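Peer 1: What would the 3D arrangement of this be:
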Amino acid sequence: MTSAAITFSNSHGSRLNEIENRHDVVVAQDALMDDPEMPRIEDSLDHRRQRQRRMRMAWGTSLLSKLATIGVQMLAIPLVYRALGDSGYAAYAAVTASAGLIGVLNLGIGGSLVTPIAQAAARKDEKRQAELVQAGLVPLLLLCVLGSIVIVPMIAFVPLNTLFGKAAAAGSFDLRIAALIAVSATLAAIPLSAVTFLRQAYQELHFSNLIGAAANLVLLTALLFAAKHSTSVPVFVAIFVLVPLCANILNLVFLLARKQFLLRRTGRSTWNNCRHLLADGIRFLGASFSTVLLFQWPVYWIARSMPVSTSSSFAICIQATILPIGFVFGFLQPFWSSAADALARADHDWLDHQIRKGRAVTAGVGCCAFLTMLLFGQGLLHLWLRKPINLDWSITGLMGAYMLLAFWEHFHFVMALGLGGLREATTAIFQRSIGFALAVPLLTMIGGIKAIWFGICCSILLWTAWRLPKLLRAQLSQAEL
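Peer 2: Residues are numbered from 1 along each chain as shown. Modelled structure (predicted):
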């Protein structure tokens, strides 16, 4: 047989197989149309393409937002550090860290909304979505009011040495004004804490990312202006807390403009919904509070108990670690609602592929971060600050090791949330963060900053690095039954 005949035969046979496959698909679809609970094949493919498109949009805008954030932080932190000096920056770090502790008053309600709203949106149940949003808003508003009544007078009248320890030496009047600004803005942001989670539930993180990128540009402009005209701690604190607050307000306005049905009266009591959201929200609070326990709490403790030069360098190292972690976390967040959507549509093949791919990518990125910090961490920090900073190579290596472990942990955490394992995943995160937080004073006594970095790495290795993957395997096995 000639080469042309062979080619024609193979092409003809492939064409016949394609026609037969299409015929089988049509027959299968006709059979499934009689069962309303079974999705049509075209619908499943369309949903998968839509899911992938929204994830790409979230990744693209996240890249833009995170680049803007990193650009701002690379300029902002050195600007503040040089403008305020060691004592002023220590006071700034203590104020912002203590304000971060107040953020836990949101009770994690935003996180408890993501999965149920994603499911209601998949069913196009607008009434259910409105019920959930309104039920989540009621306790957030109450917490904002109660927090204002209790916390603001405490900040206004309690001695600063009691609140901030050695960091209070930066100046009583300025420090109190800065603390009042930070606390007030944090309390006002509590009802708005659910906005980003709502965007995530609707697979619209790209809107939040774009607004965040614009807010960073405003933030940078304000900081450049302040660095030239002021050395006051309250000015820099006000810029850092008020610009994100305004961005959240703008995000909420745009969301409600597109989804006005969320404001409709549902005609049902919100108490039952509140109870369920609070139950899941309190569990999610453990994971939300982990960032405070892992970052703000050690900064606050070091600022209280160690010299300002040490606390200032430690705060710089924390910020240098948070930047790449936040950058990678932004790319992992879309997996939450996308995994919930895929699970609701029984798209198990997509889930399995994304888990394998996500593990490989996060591990690779984490290894690159570890090697970079181990080999070049000192030079990168010096280049960033434009000011000498003395760090042992073991500290920069531990910073890189924590980045690697944090990437691994967060990927499995996000996927577990999407697959319905909120209770187990948040419990694991909270347990490891509270264990580390309790050990901070002891670690400080034993080995100072180096011991703290070693302890934060061990908190993942000993608990979540193996427990979350095990949970994910169990969830996948149960979903495929």
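Peer 1: What are the boundaries of the helices in the stretch 151-300 of the chain?
Peer 2: Taking DSSP state H, counting those that start in this stretch to define them, one finds helices in the stretch 151-300 of the chain at 160-164, 172-188, 195-201, 205-229, 233-258, 271-291, 297-305.
Peer 1: pLDDT averaged over stretch 99-106 - what is it?
Peer 2: Regarding stretch 99-106, the rounded mean pLDDT is 73.
Peer 1: For the remainder of this discussion, apply numbering that starts at 55.
Peer 2: Yes, from this point I'll number from 55; that puts the last item at stretch 153-160.
Peer 1: Between the two ends of that stretch, how far is it?
Peer 2: 13 Å (C-alpha to C-alpha, to the nearest Å).
Peer 1: which outside residues touch it?
Peer 2: With contact meaning C-beta atoms under 8 Å, 6 or more residues apart in numbering, stretch 153-160 is reached by 194, 197-198, 201, 205, 233, 236-237, 239-241, 243-244, 247-248, 295, 339, 342-343, 345-346, 349-351, 354. Backbone N, C-alpha and C define where each C-beta goes, glycine included.
Peer 1: let's see it at 6 Å
Peer 2: For stretch 153-160, contacts defined as C-beta atoms under 6 Å, 6 or more residues apart in numbering pick out Leu197, Gly201, Ala236, Val237, Thr240, Ile244, Ser247, Phe343, Val346, Gln350.
Peer 1: Mind checking which of those are buried?
Peer 2: Buried subset of the contacts of stretch 153-160 (neighbour count, 16 or more other C-beta atoms under 10 Å): Leu197, Gly201, Ala236, Val237, Thr240, Ile244, Ser247, Phe343, Val346, Gln350.
Peer 1: Lowest-confidence one in these?
Peer 2: Lowest confidence among these: Phe343, with 74.
Peer 1: Scan the protein for its longest helix.
Peer 2: The helix that spans the most residues within the chain, counting by DSSP state H, is helix 95-156.
Peer 1: Tell me what angle the following helix or strand past that one forms with helix 325-345.
Peer 2: Remark: after helix 95-156, the chain's next helix or strand is helix 163-176, criterion DSSP states H and E. Per axes from the mean of the first three to the mean of the last three C-alpha atoms, to 10 degrees, the angle that helix 163-176 makes with helix 325-345 is 120 degrees.
Peer 1: In PDB, list the C-alpha atoms belonging to stretch 246-260.
Peer 2: The C-alpha trace of stretch 246-260 is given here as PDB (Å, rounded to 0.1, in the frame of the first residue of the first chain):
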ATOM      1  CA  LEU A 246     -16.600  45.400  55.400                       C
ATOM      2  CA  SER A 247     -14.400  42.300  56.100                       C
ATOM      3  CA  ALA A 248     -16.800  40.100  54.200                       C
ATOM      4  CA  VAL A 249     -16.600  42.000  50.900                       C
ATOM      5  CA  THR A 250     -13.600  40.200  49.600                       C
ATOM      6  CA  PHE A 251     -15.000  36.800  50.600                       C
ATOM      7  CA  LEU A 252     -18.200  37.600  48.700                       C
ATOM      8  CA  ARG A 253     -16.200  38.400  45.700                       C
ATOM      9  CA  GLN A 254     -14.400  35.100  46.100                       C
ATOM     10  CA  ALA A 255     -17.700  33.200  46.500                       C
ATOM     11  CA  TYR A 256     -18.900  34.700  43.100                       C
ATOM     12  CA  GLN A 257     -15.500  33.900  41.500                       C
ATOM     13  CA  GLU A 258     -15.000  37.600  41.100                       C
ATOM     14  CA  LEU A 259     -11.700  38.100  42.800                       C
ATOM     15  CA  HIS A 260     -10.500  40.000  39.800                       C
END
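Peer 1: related to what we said a few turns ago, out of the helices of the stretch 205-354 of the chain, which gets nearest to Leu138?
Peer 2: Minimum separation from Leu138 across these (C-beta to C-beta) falls at helix 287-312, 6.4 Å.
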